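> Return atomic coordinates for the entry below.
(2 chains)
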Amino acid sequence: MFDPAFELKLTRILGSLSEVPLKHTSRRIALKQITDIGKEMLGATACSLVFINLEEKSLTIEASSGFDNNFEQQVLGKPIKLGSLEDGDLISFELAKKGEPIELYDLDEDSQGVASTKMIREHHLRAFMAYPMKSGERLIGYFNYFTSISDNFNRETRDMLKIFAQNAVLTINRFEQSLMFERTFSIMNQLSQNLLSVSSTDFLQQIVNNTCDLLSVPVCVLWQHEPSAHSLVVVATSSNVDEDYKVIELDLKIPGMLRHFEEKRVGYLSNVTKAHSLYKHSEYASKRGWVSMVSTPLEVEGRLIGMLDVYTLSTRYFKEWEKELFATFANYAALFIKKTNDAVSRSRVEALNEIMLEMTKVNQVDTLLKLVLTRGLKLIECERGWISRLDYKSGELRIVEEMGHPPKRPVCKIGEGITGQALKLEKTIRVNDIRSNSWKDIYIKCWPDTKSEMAVPILINNVEGRVERQKEYITKPIAVFNVESSSVRAFSLIDEDLIKSLMRHAAIMIERREFDRMFRELAKLQKEIVGIQDWDHIIRILIAAIIETIGYDYVNISLVNPETHRIKTEYVTGFPEKDIEDFKCMADHSLDSNDIQAHIVKTKKIEVPDQDDPRIDSKILERFKHHGLRRVFVPMVNSSDQRVIGTVEAGYMKKYPKHIYETDIQILAGFVDYAVRALEHRNRGLLDRINHEFRSPIVGVKSNASFLQRRISELEPTLINQKFNDILADCEMLLHQVRQLDHILGGGSSPTQKRTRVKFYRDIIIKSVNQLKPLVTERQLNPEKIEYRIENLKKMPPIFADRVQLNEVTFNLLTNAIKYAEDEPEEFTIRIQIVYDRVNYIVQVKDWGIGIDDKFRAKIFEDGFRTPFAREKNISGSGLGLTISKKIMQQMGGDLTLASSYKPTEFHMILPKKLSEVTS
Amino acid sequence: MILFVDDESREMDSYKRELEIQFSLTKIIFKDDIDEAWRFYLDNKDELKLVLLDIMMPSGKLFKNSESQDGLRTGVKFFEKLRAEQPKLKIILLTNVSDKYVADRFNTEPNCYFFLKENFLPFELADEIKQILNL
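Have a look, this model is predicted:
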């Protein structure tokens, strides 16, 4: 049932979740905060966050709320084998492998044997639901929800838990990143301070120890490059590495090793035993029981100086940003390794750390880029430079900030000039003398006296993206830092290293800020959706979110028509207005066809199709020039019945970015889910209410008819009359519901065709009062208190209107006045008065009931709106009465308005005299 | 004594009257307000043989702060309160709510019967009650 209170509650929960990373500094406290929010706001008896390691077949309960200290001490943070049915084990391996929600609504009768009886008994828990937490397709763990009563979970609880679990993943991701950032900066700071106070050997040892601390890994090995022997030797290790390992010499001529170095990227193996052919040293590692590995080459002044490896003792998935931050940290540390004896360089490395710290305080991306430019130039003691950001839609590099009063420069596209080339080739370009170098032909001159220049790209490496249908790690271009000088050979290798290190950090910060921005903006839009009843309006917000917040520039929302068994584009944006109707006509396919959308409806899977995917309609591709379009298809799945109601297709029309990024897909899919759930609730809520509204009078008619049939001879005439009146009232209610159903289905009779002379409006009122009498007496109110008055009755000209429709509006207004009357019978009065002026007749309907809260004034005429009071008091109604009434009055050329909201509550039915007379 | 709790007193009037005719020796008490129903229950629980309970009702003061989901679960909450007091009390849930999950749950509860109003005419309900109470 649609309920704005439910959605408000949901947005409050999401709001609380989004605050978690800002308030807490330890993972344990942050996770506990999540379970506390879950317990408090979802109304659970207990909650827990369970992390699953499917490779190790283990789970770890990392936080819980509502369990006693004893239990928490026994199980929290300790890995438990999945499926071992030990105490505290709730999820078996088989269930976890499926990664689907697990529900048990009576744990006492747990036939599947997944629940641990001791824990359940001790905490008097009876019902349990575990909702999977997934990052992309990968299962991270479960959010567990327990209640003390046997409960079968309804749709709202399921929806709430699903969204809670999805957002818990994002929250955990955000605070984990935030924590690791803080730790990285504090370690970097500490390293720079310790540089002079500790010996060189101790310093290397500190790098190793800090790496273990930073990534929470047990094993770390620091290798040094021996150029003469073309090999690597161990220079420092964590304490648990044996002496035999420390004397290993790694031959760099082995192809796997060589490639690792040449690619200059972070390497990751989930299990070293399975990758002997890739990394030679994985053999040594697997003998020691080490399992997952992350390894990064260390590069200083363009040369490889070593390698930093970490290992885990059980399988672990390293997130992309973990690997990227690890590489940044390692290369930052490498600067120290090389420069420990150079006081000038050391002070510059320290200055670099200060800039990085300063960057953490800036939230806006362009401000961050400006800071990077000004501080970066200062760091290498230069005055001329600029920073430009890639505009993804045009492929142009937009200048964000310039220093040193440059003359006007032409707009540069990716690939143009050394700026554009640096971004295209994903590498730093340092030009010592612009007059004689390989770049001189493409060089774009700006300052007339420039002699040397350096362009450093700001890129994010190892971003998960979809290249055609494959998932790959790709590079995401963001911006370029340029620095120029009027002297030749102005920039040294250490300058290059420092700026590269700064840009690498800037890239991670920018990616994080962008993610935060999207997160915040989408949370705002989710809040906005809460107050909206209208389907189209929700779709418009969904489209705006995809274009403006997530940054796609083409959206096509197609809906399934189950009757015709087709899927058809209903909303599309991202190309010229004149083409839209043509597109809609062409984008209409049978669900049995080979069309990609029909396919998505069947598989319910997100897809990024290849450019030449045969399932993409070639006629549409040609007609609308969609060849260069990179796009993702997301199914719109109802949460209650898993039915696919349509698909969302989103894409880029231009060249950049080249790929669809996985994070964007996840964010897009999450928002589509939220919007679909909102749409579903609005439809279902209305139908649920109409359904209930039908059942109640049918039961009334049926039971009264049966009772009269069997007992009529025993009953008093007054009771028989009362029963007939009840039957008639229920029939009237039913017809009233049918008319509302007409409205939902978009039909209904047109009032203009039936306009007749309504001689005495009084007749209509009397009819309505009679129809509603049983309702009045049921509430123990006095029907005589419904008063009726006309100003200058004798002079009043006749009203011409549709009698049936006028009756409908009157019936609606009177029904409301009765339903919302005060509980005290003495206070009950309804007063109807007709006034008229030269232009209009105005039927004023006043009552002295509970009134309408001013904050709902604007909403009462919206489809399906019901005040919280009506919902709380279970006052029947579909929330359509006033909408329909207003529509009827407007169709008659008039209007229905709320003139006063409290004591009296006063509605005005306005009917223009002129129109009424003209039509007559 | 039979307690009949339903906020739709007009629609349920024929049921109430039929029960009064058929169970002339048993008092039928009809309450359309959940708070009054609870007070009545506490005062008379030893004499009660059966409670007839609607599910969708206003939450009243009794469940004002609990999650009755706008009345949709008021009857469920009331049921749980009764169960906590008297596990063996016979309870008929008589409702218009045709939610499969609600039906599944109450069909497995002991001493509990789940009826959809639309499936029972007043005299049929009376017959069912006779069977349940072994009369």
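> where's residue A:518, which helix or strand?
Using DSSP states H and E, residue A:518 sits in helix A:493-530.
> close to chain B, is that helix?
No - interface with chain B: helix A:493-530 contributes nothing (C-beta under 8 Å from any C-beta of the partner chain), its closest point being 15.6 Å away. Glycine gets a C-beta too; all of them are placed from N, C-alpha and C.
> between the next helix or strand after that helix and helix A:493-530, how many degrees?
Using DSSP H and E, the helix or strand that follows helix A:493-530 towards the C-terminus is helix A:535-544. With axes from the mean of the first three to the mean of the last three C-alpha atoms, to 10 degrees as the basis, helix A:535-544 and helix A:493-530 are set at 180 degrees to each other.
> what does the helix or strand following helix A:535-544 rub up against?
The helix or strand immediately downstream of helix A:535-544 is strand A:554-561, counting by DSSP H and E. By C-beta atoms under 8 Å, 6 or more residues apart in numbering or on different chains, the surrounding residues in contact with strand A:554-561 are A:539, A:542-543, A:546-547, A:566-575, A:587, A:591, A:597, A:601, A:629, A:631, A:636, A:644-653.
> Name the residues of strand A:554-561 that are buried.
A:554-560 (16 or more other C-beta atoms under 10 Å in any protein chain shown).
> Count the residues that sit near residue 122.
In the absence of a named chain, this looks at chain A. Counted by other C-beta atoms under 10 Å in any protein chain shown, the residues lying close to residue A:122 total 13.
> wrong one, I was asking about chain B
A count of nearby residues for residue B:122, using other C-beta under 10 Å, gives 24.
> ok, and the closest non-adjacent residue to it?
Nearest non-adjacent residue to residue B:122, counting by C-beta to C-beta, 6 or more residues apart in numbering or on different chains: residue B:18, 3.5 Å away.
> What does the pLDDT read for that neighbour?
Here, the pLDDT recorded for residue B:18 equals 95.
> Report the mean confidence score over the helix holding residue A:518.
The average pLDDT within helix A:493-530 is 86.
> does residue A:775 sit in a helix or strand, and which one?
Residue A:775 belongs to helix A:761-778, assigned by DSSP H and E.
> Is there proximity between that helix and chain B?
Yes - applying C-beta under 8 Å from any C-beta, one finds helix A:761-778 touching chain B at A:774-775, A:778.
> Same question for that helix: list its buried residues.
Residues of helix A:761-778 classed as buried: A:761, A:764-765, A:768-769, A:771-778 (neighbour count, 16+ other C-beta under 10 Å).
> got it, and stretch A:504-524?
Using 16+ other C-beta under 10 Å as the test for burial, stretch A:504-524 gives A:504-516, A:518-519, A:522-523.
> Which residues does it contact?
With C-beta under 8 Å, 6+ apart as the contact definition, stretch A:504-524 has outside contacts at A:11, A:14-15, A:18, A:170, A:174, A:177, A:181, A:321, A:324-325, A:327-328, A:331, A:356, A:359-360, A:363-365, A:368-369, A:372, A:458-460, A:463, A:476, A:478-479, A:545, A:548-550, A:663, A:667, A:670-671.
> go on, stretch A:221-235?
Under C-beta under 8 Å, 6+ apart, the answer for stretch A:221-235 is A:204, A:207-208, A:236-238, A:241, A:245-253, A:303-311.
> Endpoints of it, how far apart?
Stretch A:221-235 has an end-to-end distance of 8 Å (C-alpha to C-alpha, to the nearest Å).
> Same check on stretch A:254-268?
Its first and final residues considered, stretch A:254-268 spans 18 Å by C-alpha to C-alpha.
> cool, stretch A:870-884 as well?
End-to-end for stretch A:870-884, by C-alpha to C-alpha: 18 Å.
> what is the rounded mean pLDDT of it?
70.
> just stretch B:50-64 next, same as before
Rounded mean pLDDT across stretch B:50-64 is 86.
> Taking the contacts of stretch A:504-524, please make a ChimeraX selection of just the buried ones.
Burial among the contacts of stretch A:504-524 is assessed by 16+ other C-beta under 10 Å; the matching ChimeraX selection reads:
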select /A:11,14,18,170,174,177,181,321,324,325,327,328,331,356,359,365,368,369,372,458,459,460,463,476,478,479,545,549,550,663,667,670,671
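> overlap between the contacts of stretch A:504-524 and the residues near chain B?
By C-beta under 8 Å from any C-beta, no member of those lies near chain B.
> Pull the contacting residues for the nearest residue to residue A:132 once chain neighbours are set aside.
Distances taken as C-beta to C-beta, 6+ apart place residue A:99 nearest to residue A:132, at 4.9 Å, with adjacent residues excluded. With contact set as C-beta under 8 Å, 6+ apart, residue A:99 has these partners: A:132, A:134, A:139.
> element containing the first one?
Pointing back at residue A:132 there. Assigned by DSSP H and E, residue A:132 belongs to strand A:127-135.
> Show me what counts as buried in that strand.
Buried positions in strand A:127-135, judged by neighbour count with 16+ other C-beta under 10 Å: A:127-133, A:135.
> Then stretch A:589-606?
A:589, A:591, A:595-601, A:606.
> just stretch A:628-636 next, same as before
Of all the residues in stretch A:628-636, those buried under the rule 16+ other C-beta under 10 Å are A:629-636.
> How far away from the center of its chain is it?
Its chain's average C-alpha position is 17 Å from that of stretch A:628-636, according to C-alpha atoms, centre = their mean, to the nearest Å.
> now for the helix or strand of chain B with the lowest mean pLDDT, which elements pack on it?
None of the helices or strands of chain B scores lower by mean pLDDT, DSSP states H and E than helix B:100-107, at a mean of 74. The contact analysis (3 or more C-beta pairs under 8 Å, 6 or more residues apart in numbering or on different chains; DSSP states H and E) places helix B:100-107 against strand B:112-116.
> Output the helix or strand just after the strand it packs on as CSV - backbone C-alpha positions only.
Going down the chain from strand B:112-116, the next helix or strand is helix B:122-132, by DSSP H and E. Extracted in CSV, the C-alpha atoms of helix B:122-132 (Å, rounded to 0.1, in the frame of the first residue of the first chain):
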residue,chain,number,x,y,z
PRO,B,122,-24.0,-14.7,8.5
PHE,B,123,-25.6,-18.1,9.0
GLU,B,124,-22.5,-19.9,7.6
LEU,B,125,-20.3,-18.1,10.1
ALA,B,126,-22.7,-19.1,12.9
ASP,B,127,-22.4,-22.8,11.7
GLU,B,128,-18.6,-22.5,11.7
ILE,B,129,-18.5,-21.1,15.2
LYS,B,130,-20.7,-24.0,16.4
GLN,B,131,-18.2,-26.4,15.1
ILE,B,132,-15.2,-24.6,16.5
